[in-house]
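A.B. asks: missing the sequence, but the structure's below:
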């Protein structure tokens, strides 16, 4: 077996990793759909902004459930302060799951869809890159085998 054929297995592994990453993004999509279907929308207020490096900030939001329980959560999406300008005291719409109020997030497009868009796109890229790499290595292996 020549080295190019052996190297082609790296492409196979990269393609498998791409499938795994895309699957993880699909799971985020299913969770978001479940939250949209079984979620309750309420008003919340940004009470703090945690800084993570010079460019990224994570808003901390406090809201009351329909039962009157106060809950506080930190957005799982690190937002670029130049694109998303959350400020302390800003009112935002929050969606929380009716069965578990700890399953909550800011009800905004990027907050809800960024994980699946990023992971899905990156997974598809890895998958295609892995297949291309495998194809190129197998092509070179056939060239040098003869």
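C.D. replies: Structure received. Given the structure is predicted, the values throughout are model-derived calculations rather than measurements. Numbering: from 1, shown residues only.
A.B. asks: so residue 112 sits against residue 105, correct?
C.D. replies: Yes - judged on C-beta atoms under 8 Å, residue 112 makes contact with residue 105 at a distance of 6.3 Å. Quick note: C-beta positions are derived from backbone N, CA and C, even for glycine.
A.B. asks: intersection of neighbour lists for the two?
C.D. replies: Residues touching both residue 112 and residue 105 (C-beta atoms under 8 Å, 6 or more residues apart in numbering) are residue 35.
A.B. asks: all helices of the protein, in order?
C.D. replies: 3-38, 109-145 (DSSP state H).
A.B. asks: buried ones in stretch 49-56?
C.D. replies: For stretch 49-56, a neighbour-count test (16 or more other C-beta atoms under 10 Å) marks residue 49 as buried.
A.B. asks: hang on, I meant stretch 103-123
C.D. replies: For stretch 103-123, by 16+ other C-beta under 10 Å, it's 103-108, 111-112, 114-116, 119-120, 123.
A.B. asks: which secondary element of the protein has the worst mean pLDDT?
C.D. replies: strand 79-80 (a mean of 72; mean pLDDT, DSSP states H and E).
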